[in-house]
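Participant: what would the 3D arrangement of this be:
(one chain, ligands or ions: 2)
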Amino acid sequence: MSRHSVFHEINIKERSVLVLIEPDEAMRPYALEELTALAETAGAEVVGDFYQRRDRPSPTHYIGSGKAEELFAGVQDLSANLVIVDSELSTVQVRNLEDTVKCRVIDRTQLILDIFAQRARTREGRLQVQLAQLSYLLPRLSGLYTKFERQQGGIGVRGGAGETKLETDRRKVRETISDLEAQISEVRNQRQQQRIQRRKLPYPSAAIVGYTSAGKSTLLNKLSGSEVYADAQLFATLDPTTRRVDLPEGWSILLTDTVGFIRNLPTDLVASFRATLEETIEADFLIHVVDASHPHREVQHQAVLDVLDDLGVVGKPIITVFNKCDLIRDSLFLQLLQEDTPGSVCISAQTGAGFPDLMACVIETLQGLLIEVKVCLPYSKSDLVAKCYEQGRVDKIEYAEAGIFMEAHLTPDIAGKVAPYRITEEPSHAHGGVLETLP
Ligand SMILES: Nc1nc2c(ncn2[C@@H]2O[C@H](COP(=O)(O)OP(=O)(O)OP(=O)(O)O)[C@@H](O)[C@H]2O)c(=O)[nH]1
Ligand SMILES: [Mg+2]
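Facilitator: Ligands and ions are numbered 1, 2, ... in the order given. The predicted structure follows:
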């Protein structure tokens with residue numbers, strides 16, 4: 001971790017109290033459950049939660065100042081030493097709340113950044129997390145260094161006070177940000193080169209996207225026979241992994257599993273993880289994994305679509321995969337789910353149920369990506385035939401006197417190469433060639 005970072009990996013079980021003001025009553029248990037999971041994933045121990053019903057946060061304390069006093073009493077009763085607030089806070093809100101509750105206060109963004117910092121394994125992942133942390137920190141520098149920073153360790157105080165004090169200078173932070181951006185840009189170029197190399201492989205690419213813990217890595221593992229880390233904890237995957245997946249009828253795709261999304265994903269994080277998320281933007285099509293067994297399936301589904309929108313992913317084919325169907329007994333529910341969402345399938349990544357449907361759906365999507373061509377290649381261009389077999393599907397081929405007649409569904413790349421030899425008519429059998437009709 002860079003010495004410029006003020007964020008720390010958690011090595012103690014901090015006793016935390018969660019604070020929410022979710023105005024939608026129906027969403028409250030879910031918001032609480034999700035924040036608890038995030039806090040526990042970060043390593044904190046949740047000892048209590050505190051809720052205030054209000055439409056808008058208070059600009060001074062987030063919750064009302066009277067409520068903040070109640071929170072202080074609760075924090076004391078529970079011997080808590082950390083307050084975690086479910087939204088992103090301003091410096092003023094943090095300072096006022098800390099003054100009132102007399103312990104450290106962190107917001108949802110810091111919590112998620114902390115989890116990402118713990119998960120980052122590759123250089124790219126670490127650079128991106130550091131950039132997100134510093135981008136979060138920069139506008140908060142002036143107000144961030146309260147007495148609570150002087151406590152060693154704990155969520156969001158990496159490096160300790162002495163070290164961070166030295167770095168309150170905005171210019172230094174900006175320099176570090178530029179430096180990180182330059183390094184990320186280098187990594188990004190390398191990624192782009194890798195993608196160009198991959199593009200030369202005769203396989204279309206797909207990215208698995210979805211809410212955190214929906215089962216993306218489990219699906220990649222099951223499909224490719226690999227062992228990407230899959231876990232019930234949130235954000236188990238941070239760095240993208242690509243595997244070749246062979247499908248029936250001779251099709252193959254390159255499938256990438258990447259970082260999961262969550263509601264209110266911090267904007268700094270989305271911006272910093274652009275290099276990683278480009279795997280998604282650049283894929284030929286997407287497989288969106290939704291946990292069908294989750295009571296707030298729809299909220300999660302929409303949250304992922306919102307992030308894709310933010311990333312500028314538009315017009316790409318999306319297969320919606322309703323996962324964890326082994327946990328659902330109501331088959332009518334599954335049927336309705338599938339009927340309500342065009343281009344969707346119900347599966348269990350764990351048991352493999354529904355995989356034939358998924359394969360059929362992927363193959364149908366692949367066919368939609370290919371261009372139908374009829375060509376007559378001169379024998380001097382016969383090397384293109386092998387490429388057509390590799391980069392698509394040859395439906396008919398006939399070696400005739402006038403040339404090689406072929407009907408095929410090809411990727412845009414190879415379709416462009418054979419385009420000069422396109423014909424409009426069926427080959428006439430007067431050519432005396434041998435017609436092979438492929439299955
Ligand atoms: N019952 C059941 N559990 C599943 C299924 N698929 C995944 N899981 C479980 O759900 C949890 C999350 O699975 P992952 O594959 O790590 O989920 P992910 O979407 O990759 O999550 P992140 O990387 O954290 O975003 C794990 O405990 C899996 O065992 C399924 O089809 N059925
Ligand atoms: Mg994963």
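Participant: which of the helices or strands spans the spatially closest residue to residue 183 that is not a sequence neighbour?
Facilitator: Distances taken as C-beta to C-beta, 6 or more residues apart in numbering put residue 127 closest to residue 183, at 5.4 Å, once the chain neighbours are dropped. To be clear about C-beta, it is placed using only N, CA and C from the backbone, and glycine gets the same treatment. Following DSSP states H and E, one finds residue 127 within helix 123-137.
Participant: anything in that helix near ligand 1?
Facilitator: No. Helix 123-137 stays clear of ligand 1 (C-beta under 6 Å from any ligand atom), getting no nearer than 12.7 Å.
Participant: buried residues in that helix?
Facilitator: 124-137 (16 or more other C-beta atoms under 10 Å).
Participant: any idea of the mean pLDDT in it?
Facilitator: On average, the pLDDT along helix 123-137 is 89.
Participant: distance between that helix and the chain's centre?
Facilitator: 16 Å (C-alpha atoms, centre = their mean, to the nearest Å).
Participant: who are the packing partners of it?
Facilitator: Contacting helix 123-137 under the criterion 3 or more C-beta pairs under 8 Å, 6 or more residues apart in numbering; DSSP states H and E are the following elements: helix 108-119, helix 170-200, helix 267-272, helix 274-282.
Participant: could you check the shortest one against ligand 1 for contacts?
Facilitator: By that I understand helix 267-272. No. Figure legend: helix 267-272 not in contact with ligand 1 (C-beta under 6 Å from any ligand atom); closest approach 13.5 Å.
Participant: pLDDT below threshold where in the stretch 1-150 of the chain?
Facilitator: 1-12, 142-150 (pLDDT under 70).
Participant: one step back: which ones are touching the residue nearest to residue 183?
Facilitator: Applying C-beta atoms under 8 Å, 6 or more residues apart in numbering, we find residue 127 in contact with 180, 183-184, 187.
Participant: what does this structure put close to ligand 2?
Facilitator: 216-217, 236-237 (C-beta under 5 Å from the ion).
Participant: so which of these comes closest to residue 415?
Facilitator: Using C-beta to C-beta, residue 216 is the member of the residues of the chain next to ligand 2 that sits closest to residue 415, with 31.2 Å.
Participant: grab the nearest non-local neighbour of that closest one.
Facilitator: Nearest one to residue 216, counting by C-beta to C-beta, 6+ apart, is residue 208 at 4.5 Å.
Participant: surely the one you found meets residue 287?
Facilitator: Yes. Assessed by C-beta atoms under 8 Å, residue 208 is found in contact with residue 287 at 4.9 Å.
Participant: overlap in contacts, these two.
Facilitator: Common neighbours of residue 208 and residue 287 (C-beta under 8 Å, 6+ apart) are 219, 255.
Participant: ok, back up a step: who's the residue nearest to residue 216 bridged to?
Facilitator: For residue 208, the beta-bridge partners are residue 257, residue 287 (DSSP bridges).
Participant: which other helices and strands contact the strand or helix carrying residue 221?
Facilitator: Element membership of residue 221 [criterion: DSSP H and E] is helix 216-224. Helices and strands touching helix 216-224, by 3+ C-beta pairs under 8 Å, 6+ apart, are strand 205-210, strand 241-246, strand 252-257, strand 285-291, strand 318-323.
Participant: many thanks, we can stop here.
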